[in-house]
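[1] structure for the following, please:
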Amino acid sequence: MSKFFIALILFLGLASRFIWINQAPHSINGDQLHYILSSKSFVLTGKDLSQSVSLPEIFMFKYPPNEIIQAELPYALDIFTVGWLPFSMAANALPNAFLSLLTIVIVYLITRKILNEQIAIIAGFMTTINPWFIAIGRTSYEMIPAPFFYLLAFYILLITKGWKILFAIPVLLLAFYSYIATKLIFLPLVFLFCLYCYFGVNKRKFAKQYIVLILILVAFIGFFVLQLKSLQSASRASEIITPFSPFIQEQVDSARKVSIATPFTSLFENKLTVFSKTLFDNTLKTLGYDYLFLKGDYFFTLGQHGLFYAIDFIFVFLGMFWVLAKNKKLFIFLISLAFVSIFPHIFHITAVKNGNFSPHTTMLIPFLIIFISAGIWQSIEFVKKGRKVIGATIIIIYLFLFGNFLNIYFYQLPLQHNFFNFPSRVLSSYASKASTEGQHVLIYTHDPQGKFQEHLFYSNTYNKENINKVTEALNTHKYVINNVAFLACNRDVTKAQINTTVITHVDCEMNISGDRNNISQLSDNGTVYSIINDRICNKSTLKSYAWGIKMNDFDVEKMPLQKFCQTFITAN
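    Numbering: from 1, shown residues only. This next block holds a predicted model:
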C-alpha cells in the first residue's frame, strides 16, 4: 500500500507542478521580472541589468543602486534556466517547480524521523496537494527556496552527529540568501533546530558542535548587518514594526487626541501598549480560519482559496492534541516553529496597512502540514474497525478538494482581473508582431521603464545582439528597442503618423484621433490599452470581447498573427 501512495504522490507532484507550466500562470510581474532580467544580464555581461554589481558582490550584500534590497539566491537559481535559455514562462518557473517537488521529499523525511513512516507518507501527500506549494512553485518568487533550504538544513541536523553537524552551515546560508522576509527569523529557527536536536535527538550530546555552528552563523549575521549599515540604498529596516516605529507613535498620538485627558491616558495609551495590541491583532489575522483555510489573500489566488484546504482546520487541531499527548518536547518544538514562522508578517508594516500577505508566512506551511498529517493518521488509527474505509474516504475527499483547487487555479484565475498582468503580455506580443511587419509602435504608459523591461522578457529581445542598446536605453531613460518605444503619458499627442501605431494605457487618459482597437481585461472586457492606427489586426474579423479562450492560447508568442488578433484584440 505504501508503494501505491508513493507512486500517487510522485504522479500528483509532477503533474500539478509541471503541466501547462508555460501557460499558467500566464504572465509575470514584480520581483520575478527583476530577478529574471538580472540573471540573464549576469550571463551576458557579468553584471546586473544596471551594470553596477556582479553576482559574487550580491552574495556579499552589495545590491544594484536605486533599488530596494532583494533576496540574493534567486539571481543564481534563475541563471540555470532563463540565464542560459531563451526567455519563457516555463524557464522562469522551472527552478521553483523542482524545489517545490523536492520539498515533498524533505517533508516526508523529516516527518519520518520525528514521528513515523505512516504519518510521513501522509505528510508527503499533503505537501504534494498543498495549494500554496503548487501555486507559488509555478513561479520564480522567493517563497519556495526559503522553506526548502530551511527544511533541508533541519533534516541534516536530525541525521548528523559530531562535527558532521557543521554540514548544515552551507545549507543554512542558502536558506538565509533565499528570501528577504525570512532573514528576520533566521537565528530563531537555527536556535530551535539546534535545541531540539541537542535535547530531543542526541540526548544532550555534541554541545560544542552546536555552539560552534551557532557562533559561525551569528558572525555571518553580524557581517550582514555591517554591510547593510554601509549601504546608501534603503535597508528595508523601516518596514519592521517596533515600539519605536513612526507608525506606532502615530497610533499613540491619534488615540490620545480623541481621549479625554486623565492621569491614566499615558498608562493605557503608550508605545508599548499600542505595539502589543498591534502584534496581537496581526497574529489573530494571520492565524485566522478565513485566511489560512478558506480565502487566502489577494496575492494568493486573489482571495478565492485558502493556503490550505477547509478540512485541514479539523485535522490540524487533532494533530496538535495527539502530538502533545505523545511527545511534549516535539509539540513544544513544532508549535514554537509555527509561531516564529509568522514573525516576518506580524512584525511587518504590511500587516497593519494592507492586511494579510501570504509570502511572509511561507515557513508556516510545512510545520502545519506535519500537524495536519498527524491528525489524519490519528483519525484513521482511532477507528478499530473500518480503517480502510475511513482512510479511503479521507483520500477521496482530499482528491476532490485538490481537483477543485486545480479547477480554480487553471480555469478560473487566468480570466480574473489582475491575476499577474496578462494585458501587458498581449501588449508586448502585439508590439513585436507589429515591429516584424515593419510598423513603428509608440506605447504611452505611466510606467515606461517597467513595460520596457516586461517587453524584453516576453519578446525575448535581451540577448547578445542588443546588450548595448538595452543598457543605453536604461541609462538614458529612452526605452526604445526594435521600432518599439515606451513613453510616459503625454496628452499633447493629438494625431498619430500614418505609418506609426500608437498604443495608450487607459490611465493616461489620452484622446488621440483615429480608428482604434483594444487590449482588454479578460475578466470584464474593460479596456486596458487602446491601439490607434492598427495595421496588423485591422484585416482580421475581431470580436467585441475576448471569449472562448483555451489554456493553450496563453502561449501567446507562438500564436499565428490572425489567431492572436481574433483571440486577444477586440474591436472598439
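[2] which helix or strand contains the residue lying closest to S54 once chain neighbours are set aside?
    Spatial nearest neighbour of S54, chain neighbours left out: K47 (5.5 Å); criterion: CB to CB, 6 or more residues apart in numbering. No exception for glycine: its C-beta is placed from N, CA and C like everyone else's. Per DSSP states H and E: K47 is located in neither a helix nor a strand.
[3] measure K47 to E472 for me?
    Using CB to CB, to the nearest Å, K47 is found at 15 Å from E472.
[4] mind listing the helices for the stretch 451-572 of the chain?
    Here the stretch 451-572 of the chain has its helices, by DSSP state H, counting those that start in this stretch, at 467-476, 561-568.
[5] which other helices and strands contact the first one?
    Counting contacts by 3 or more CB pairs under 8 Å, 6 or more residues apart in numbering; DSSP states H and E, the secondary-structure elements packed against helix 467-476 are helix 30-45, helix 448-458, strand 479-481.
[6] sorry, back to before: what about the residue nearest to S54, neighbour count?
    Other residues within reach of K47 by the criterion other CB atoms under 10 Å amount to 17.
[7] repeat for T393
    12.
[8] pLDDT on whichever helix or strand it is part of, on average?
    Assigned by DSSP H and E, T393 falls within helix 387-407. For helix 387-407, mean pLDDT is 94.
[9] ditto for stretch 130-139
    Throughout stretch 130-139, pLDDT has a mean value of 96.
[10] hmm, L102 and G124 touching each other?
    No: between G124 and L102 there is no contact under CB atoms under 8 Å: 11.5 Å.
[11] these two - which one has more neighbours?
    Using other CB under 10 Å as the criterion, G124 and L102 rank with G124 on top: 26 against 15.
[12] distance-wise, check the more buried one relative to V212.
    33 Å.
[13] ditto for N130
    The gap separating N130 from V212 is 35 Å, by CB to CB.
[14] just the buried residues of stretch 383-397, please?
    By 16 or more other CB atoms under 10 Å, the buried positions in stretch 383-397 come out as I390, G391, I394.
[15] low-confidence regions, the stretch 451-572 of the chain specifically.
    For the stretch 451-572 of the chain, the stretches flagged by pLDDT under 70 are 494-498.
[16] repeat the analysis, applying 80 as the threshold.
    491-499, 513-514, 572 (pLDDT under 80).
[17] which stretches of it form strands?
    Assigned by DSSP state E, counting those that start in this stretch, the strands in the stretch 451-572 of the chain fall at 479-481, 484-488, 500-505, 516-520, 527-532, 569-571.
[18] the second one pairs with which strands?
    Within its sheet, and counting by DSSP bridges, strand 484-488 is paired with strand 440-445 (parallel), strand 479-481 (antiparallel).
[19] centre of the chain versus that strand, how much separation?
    The chain centroid and the centroid of strand 484-488 are separated by 29 Å, computed with CA atoms, centre = their mean, to the nearest Å.
[20] and if you look at stretch 80-95?
    Centroid separation between stretch 80-95 and its chain, computed with CA atoms, centre = their mean, is 16 Å.
[21] now do the end-to-end distance for that stretch.
    Length of stretch 80-95, first residue to last, CA to CA, to the nearest Å: 8 Å.
[22] give me the buried positions along it.
    Buried, per 16+ other CB under 10 Å, within stretch 80-95: T81, V82, G83, F87, S88, M89, A90, A91, N92, A93, L94, P95.
[23] cool, stretch 399-411 as well?
    Residues L401, F402, F405, L406, I408, Y409, F410 are the ones in stretch 399-411 that count as buried (16+ other CB under 10 Å).
[24] excluding chain neighbours, give the residue nearest to the last one in space.
    With sequence-adjacent residues excluded and distances taken as CB to CB, 6+ apart, F410 is closest to A24, at 5.6 Å.
[25] quick one, what contacts the one you found?
    R138, Y409, F410, P414, M551, F554 (CB atoms under 8 Å, 6 or more residues apart in numbering).
[26] count of neighbours near the nearest residue to T541 once chain neighbours are set aside?
    Closest residue to T541 apart from its sequence neighbours, by CB to CB, 6+ apart: Q566 at 6.8 Å. Residues contacting Q566 under the criterion other CB under 10 Å number 18.
[27] ok, the residue nearest to V252 when sequence neighbours are not counted to F264 distance?
    Spatial nearest neighbour of V252, excluding adjacent residues (CB to CB, 6+ apart): V274 at 5.3 Å. Per CB to CB, V274 is found 15 Å from F264.
[28] more crowded one of the two?
    V274 (22 against 9).
[29] ok, that one to G355 distance?
    Between V274 and G355 the computed distance is 18 Å (CB to CB).
[30] ok, now how distant is the nearest residue to C508 once chain neighbours are set aside from V502?
    Leaving aside its chain neighbours, C508 sits nearest to C489 (3.7 Å; criterion: CB to CB, 6+ apart). For C489, the distance to V502 equals 12 Å [CB to CB].
[31] which residues do those two both contact?
    Y444.
[32] out of these two, which sits in the busier spot?
    Under the criterion of other CB under 10 Å, the comparison of C489 against V502 puts V502 first, with 23 against 16.
[33] doesn't T445 make contact with the more buried one?
    No: between V502 and T445 there is no contact under CB under 8 Å: 11.8 Å.
[34] which helix of the protein spans the most residues?
    If each helix of the chain is counted by residues according to DSSP state H, the longest one is helix 89-114.
[35] spit out the contact partners of I376.
    Per CB under 8 Å, 6+ apart, neighbours of I376: I122, M126, F315, L318, G319, I394.
[36] what sits against the fourth one?
    The contact partners of L318, by CB under 8 Å, 6+ apart, come to A374, G375, I376, Q378, S379.
[37] N130 and V212: who's more crowded?
    Neighbours per residue, other CB under 10 Å: of N130 and V212, the larger number sits with N130, 28 against 15.
[38] these two touch, right, that one and F308?
    Yes: if you go by CB under 8 Å, N130 and F308 touch, sitting 6.9 Å apart.
[39] where do the contact lists of those two overlap?
    Common contacts of N130 and F308 (CB under 8 Å, 6+ apart): I365.
[40] which residue ranges of the stretch 201-350 of the chain form helices?
    Ranges of helices in the stretch 201-350 of the chain, per DSSP H, counting those that start in this stretch, are 207-229, 246-257, 265-268, 271-286, 289, 312-326, 328-341, 343-346, 349-353.
[41] next, H26: secondary structure please.
    coil (DSSP: H, G, I helix; E, B strand; the rest coil).
[42] distance-wise, check the residue nearest to it when sequence neighbours are not counted relative to S341.
    Nearest-residue entry for H26: F554, 4.1 Å, with adjacent residues in sequence omitted and distances by CB to CB, 6+ apart. According to CB to CB, F554 and S341 sit 34 Å apart.
[43] neighbour count: those two, which is higher?
    S341 (25 against 21).
[44] need the contact list for the more buried one.
    Contacts of S341 (CB under 8 Å, 6+ apart): I185, T361, M363, L364, F367.
[45] so what's the gap between stretch 385-396 and the chain middle?
    Chain-centre distance of stretch 385-396: 35 Å, with CA atoms, centre = their mean.
[46] my bad, should have said stretch 386-402
    For stretch 386-402, the distance to the chain centre is 30 Å (CA atoms, centre = their mean).
[47] list the contacts of it.
    By CB under 8 Å, 6+ apart, stretch 386-402 touches L12, F125, M126, I129, Y309, A310, I311, I376, S379, I380, E381, V383.
[48] how does it look with 6 Å?
    Outside stretch 386-402, the residues within contact range by CB atoms under 6 Å, 6 or more residues apart in numbering are I129, Y309, I380, V383.
[49] can you check stretch 74-84 too?
    Y35, I36, S38, S39, K40, V43, A91, N92, L94, P95, E142.
[50] now the first one, nearest residue through space, not along the chain?
    With CB to CB, 6+ apart as the measure, P74 is the residue that lies nearest to Y35, at 4.5 Å, once sequence neighbours are left out.
[51] what about the one you found, neighbour count?
    Count around P74 with other CB under 10 Å applied: 26.
[52] the helix or strand hosting F4 packs against which elements?
    Applying DSSP H and E as the criterion places F4 in helix 2-18. Helices and strands touching helix 2-18, by 3 or more CB pairs under 6 Å, 6 or more residues apart in numbering; DSSP states H and E, are helix 89-114, helix 117-129.
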